[in-house]
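> sequence unknown, structure follows:
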C-alpha cells in the first residue's frame, strides 16, 4: 500500500462499479428538470503525439501511487506532465478544441485565454472542505472534521471509474524557490486540463519537481488527487489528510478547490507540517519597501481573501513619495522560518498570482493591470465581441454588449453582473513589473513587520501597533472581517478570521495560536506586529480612507516605527499614530474630522468587540492558550482604568 493512499478492497470496488448508472438526477436547486439524463463526459480524453505526455518520473513511490489511482479511476490514458513550452502549447490547443478555454484576441491579450466554470462552482466551498485527522480534537472546532478511514472509503467509491473516457494528468510541482530548505514537492493527479494549465502558472511545475524529489522512495512529497466527477454540488468534497500528507478533491472545477498546491497544500497541509517542523505557513502577502536612501525592509501582511492583498502587494506610492519603491515577493501565501541570525525569514511558495478581477483597474492596481496584459488565464470574466475581456470596475466605459461569465448576452441594462464577483486571473509572477529581485532567494527575505487586517466598517482604527509579540499574536487571533464573494455564503457578515487563517488552518486553531506564541521566544529580533483597517466608514456609509496608493502613508509609519522613528499615542488596544505622525502631504479627500474618526478608539464599540472576542475564544476551548485569554483581559482592564 502506498503511503497516503488507502486503496479500497477489490471486491468493494467492483460492487460499487456495478451499482453505477449511465444517468443521474440533476440537483433540484439548480432549477433543472429532475428527469434522468445521460451524464456527459466533461473531460474527454486527449491523444498526445509521441514525445508529449510521456515523461515518467523514476521515483518508485510515485509510480506505484499513480498506478493505484489509475486502477481505481480507470482513465483511458495517463499523461505525464513535464511543464515544457511544447507541452503547454499542445494542451492549450486541446483545451480550445474541447471548449475548456477560449482564445482571446492575441493583439489585445497575447498568450491569454478565458475559462468559464460551471455556475454552481464559482468559489471555495468551506462547508465541504474537510480536515481528516485521526481524532476530531486534532482538527479543532473551526474545521469540518471527518474520520480518515471512512472518508477514504467514501472518496474511493466516488472515484471508482470516475475517469473512464478521460485522460489522467500527473502534475509534478514544487512549492517554494528551487534551493529553499522550506520547498515542498507535490504531485497532483487530475482529469481537468484547466487544472494542468493553471498549475503551470501557479507553481514551478514539471521536471524541476521530479529532479527535486529524486528516486528515494522514502522522500517527503504531497499526494493530491482531483476529479471533476460530474461537477455536482451534492458530490463535492475537498478532503485533507495531514498525517498522510495527502489531499483528495472531487466534484469541483474551480481554482481554489482544485489547484491543490494553493490553499490545500500551501496552507492546510502546510500549517500542519509547519507546526510539526517548527516554521510558519501563513495566508500572507510579502512586500519590500525601499527608501530613497536605499534602506530596505520587508513586510508580511495577513488579510482575508478579497480584502486587498494583491493591491497592497503591488502598491505604487503617490508622487509625494518620490524615490520610494515597493516590490512584491508574494501576494497570498508566506512560508516563514527562523534564520541563523534569529530573525524571521519568508519565502513565497507560489509562482503566480490568482487574483480577484472585479475592481482591478489602472486606478486601483496599475501593476496588476500591467501583469495581466499577456499570458493570463482568466476565469469567469466577460468576453467582448472583439475578443477582449471585461469586468465591473475596469477602466473605461462598459461595452455596449458582450458575453457574460455564463455565456449569455449582456448589456449595461442587464440585471446581473457581466463578470462573476469572484472571477479570477491566473498570471505568472514574472509578469509583475515590480517583482522583487530576491523572490527566488532560498533562505527568504528578513521580515521587519507583520501586519494583520480585515474589512471592518467600524471599531478598528486605520492602524495600530501591538505592544509586544504576545499582544501581537492576540491581535491576529482576534481579527474579524466582513465576508466577501471569495467563499460561498452570505456576503457582508462580520466573522472572526484569526490571522486570515480560519478557512485554511489544518489543525486546532487554539494549538495554532500556541505555535505562534512559541515562535516568539525563539526570535532574537522579532518583527513588530501591526493591525490595519482600510475599510472604516462614516455614518453615511462612505469609506473614510482612500486606500490603494495612499496606503503608503500608513506603510511609511509602520516602517518608521521599525526603525525607531515617528511618534504614537498609547491607547488600550495598542499604539496609534497621531495625525502629525502620518505623512499626509498632498493627501486629498480626507478632512481633519475624517482623520480623527479613522484613528479613533471608541469604548462603546470596543465593549461590544471584546464581548465578541470572548465568545469566539470560548468556542476554541479546551486548546485556547491562557496567554491570549489574559491579553483580552488586559485590554478590557485598560479600558476600565
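That came in fine, so what should we check first? Note that the coordinates shown come from a computational prediction; the quantities given were computed from them, not determined experimentally.

> now do the contacts for residue 596.
Residue 596 makes contact with residue 579, according to Cβ atoms under 8 Å, 6 or more residues apart in numbering. (Glycine included, C-beta is placed from N, CA and C.)

> and the stretch of helix or strand residue 618 belongs to, what's buried?
Here residue 618 sits within helix 603-619, counting by DSSP states H and E. Buried residues in helix 603-619, counted by 16 or more other Cβ atoms under 10 Å: 606, 609, 610, 612, 613, 616, 617.

> what pLDDT is listed against residue 504?
Turning to residue 504, the model gives it a pLDDT of 96.

> counting neighbours, what do you get for it?
Using other Cβ atoms under 10 Å, residue 504 has 25 neighbouring residues.

> quick one: distance of stretch 346-358 to the chain centre.
Mean-position distance between stretch 346-358 and its chain equals 7 Å (Cα atoms, centre = their mean, to the nearest Å).

> circling back: list the contacts of the helix or strand following the helix holding residue 618.
Proceeding N to C from helix 603-619, the next assigned helix or strand is helix 626-640, under DSSP H and E. Applying Cβ under 8 Å, 6+ apart, the external contacts of helix 626-640 come out as 470-471, 473-474, 477-478, 513, 517, 572-573, 603, 606-607, 610, 613-614, 617.

> show me which positions of helix 626-640 end up buried.
For helix 626-640, a neighbour-count test (16+ other Cβ under 10 Å) marks 628, 629, 631, 632, 635, 636 as buried.

> do the same with stretch 353-363
Neighbour count says stretch 353-363 has 353, 354, 355, 356, 357, 358, 359, 360, 361 buried, by 16+ other Cβ under 10 Å.

> what of stretch 52-66?
Within stretch 52-66, the residues that count as buried by 16+ other Cβ under 10 Å are 52, 53, 55, 57, 59, 61, 62, 65, 66.

> walk me through the domains of the protein.
Here the domain parsing of the chain from automatic domain parsing is 10-22+39-101+124-277, 281-352+435-640, 356-427.

> need the ones you listed in TSV (columns: distance to residue 116).
Shown next, in TSV, are those (distance: least, Cβ to Cβ, whole Å):
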stretch	distance to residue 116
domain 10-22+39-101+124-277	9
domain 281-352+435-640	17
domain 356-427	6
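
> out of those domains, flag the one nearest residue 109.
domain 356-427 (6.7 Å; Cβ to Cβ).

> and that closest one, average pLDDT?
The average of the pLDDT scores along domain 356-427 is 97.

> ends of that domain, how far apart?
End-to-end span of domain 356-427 (Cα to Cα, to the nearest Å): 12 Å.

> can you check stretch 475-493 too?
Counting by Cα to Cα, you get 20 Å between the two ends of stretch 475-493.

> so where is the stretch 401-550 of the chain shaky, pLDDT-wise?
Confidence mapping of the stretch 401-550 of the chain against pLDDT under 70 gives the ranges 484-492.

> now the strands: where do they sit in it?
Here the stretch 401-550 of the chain has its strands, by DSSP state E, counting those that start in this stretch, at 402-403, 409-410, 424-428, 445-453, 463-465, 480-482, 494-496, 528-532.

> could these go into CSV alongside mean neighbour count and distance to residue 212?
Formatted as CSV, the strands of the stretch 401-550 of the chain follow (neighbours: other Cβ atoms under 10 Å; distance: least, Cβ to Cβ, whole Å):
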stretch, mean neighbour count, distance to residue 212
strand 402-403, 21, 42
strand 409-410, 16, 45
strand 424-428, 24, 20
strand 445-453, 24, 21
strand 463-465, 25, 40
strand 480-482, 20, 36
strand 494-496, 17, 38
strand 528-532, 24, 34
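
> quick one, which of the ones you listed is nearest to residue 578?
Once the strands of the stretch 401-550 of the chain are compared by Cβ to Cβ, strand 463-465 is nearest, at 11.7 Å.

> what's next to that closest one, contact-wise?
Residues from elsewhere that reach strand 463-465, judged by Cβ under 8 Å, 6+ apart: 528-533, 554, 557-558, 561, 568, 571, 573-577.

> isn't residue 449 right up against residue 559?
Yes: applying Cβ atoms under 8 Å as the test, residue 449 and residue 559 come out as touching, 7.3 Å apart.

> okay, and the common contacts of the two?
Counting by Cβ under 8 Å, 6+ apart, the contacts common to residue 449 and residue 559 are 297, 299.

> and the furthest pair within the buried residues of stretch 353-363?
Greatest spatial distance among the buried residues of stretch 353-363 (Cβ to Cβ): 354 and 361, at 18.4 Å.

> please tell me how far the closest residue in space to residue 165 that isn't next to it in sequence sits from residue 348.
In space, and not counting its chain neighbours, residue 165 is closest to residue 41: 5.0 Å by Cβ to Cβ, 6 or more residues apart in numbering. Separation of residue 41 from residue 348 (Cβ to Cβ, to the nearest Å) stands at 37 Å.

> show me which of these two is the more surrounded one.
Comparing residue 41 with residue 348 by other Cβ under 10 Å, the one with more neighbours is residue 348, at 27 against 14.

> that one reaches residue 439, doesn't it?
Yes: counting by Cβ under 8 Å, residue 439 is a contact partner of residue 348 at 6.4 Å.

> sort out for me which of the buried residues of stretch 353-363 are in helices.
Applying DSSP state H to those, no entry is found in helices.

> and the residues you listed, which is closest to residue 238?
For the buried residues of stretch 353-363, the residue nearest residue 238 by Cβ to Cβ is residue 354; the value is 15.8 Å.

> gap between the closest one and residue 548?
Separation of residue 354 from residue 548 (Cβ to Cβ): 20 Å.

> and what of residue 392?
Separation of residue 392 from residue 548 (Cβ to Cβ) stands at 17 Å.

> with pLDDT and distance to residue 429 as extra columns, can I get the buried residues of helix 603-619 in CSV?
Below are the buried residues of helix 603-619 laid out as CSV (pLDDT from 0 to 100; distance: Cβ to Cβ, whole Å):
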residue, pLDDT, distance to residue 429
606, 97, 40
609, 96, 37
610, 97, 40
612, 95, 37
613, 96, 36
616, 97, 35
617, 97, 37
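
> nearest to residue 508 among those?
Nearest to residue 508 among the buried residues of helix 603-619, counting by Cβ to Cβ, is residue 617 at 13.3 Å.

> give me the neighbour count for the nearest residue in space to that closest one that is not next to it in sequence.
With Cβ to Cβ, 6+ apart as the criterion, residue 617 has its nearest non-adjacent residue at 5.3 Å, and that residue is residue 624. Residue 624: 21 surrounding residues under other Cβ under 10 Å.

> where does residue 256 land on pLDDT?
On the pLDDT scale, residue 256 is placed at 89.

> then the one 5 residues further on?
Predicted confidence (pLDDT) for residue 261: 98.

> stretch 285-295: how far from the chain's middle?
Chain-centre distance of stretch 285-295: 24 Å, with Cα atoms, centre = their mean.

> quick check: mean pLDDT of that stretch?
Stretch 285-295 carries an average pLDDT of 97.

> how long is it from one end to the other?
End-to-end distance for stretch 285-295, by Cα to Cα: 20 Å.

> and the helices in the stretch 151-300 of the chain?
193-202, 207-213, 255-258, 270-277 (DSSP state H, counting those that start in this stretch).

> weakest of those helices by average pLDDT?
helix 255-258 (a mean of 93).

> which residues in the stretch 451-600 of the chain form helices?
Listed in chain order, the helices of the stretch 451-600 of the chain (DSSP H, counting those that start in this stretch) span 469-477, 509-519, 551-562, 592-598.

> give the contact list for the closest residue to residue 137 other than its chain neighbours.
Sequence neighbours aside, residue 508 is the residue nearest to residue 137 in space, at 6.9 Å (criterion: Cβ to Cβ, 6+ apart). Shown in contact with residue 508 (Cβ under 8 Å, 6+ apart): 137, 138, 139, 140, 141, 620, 623.
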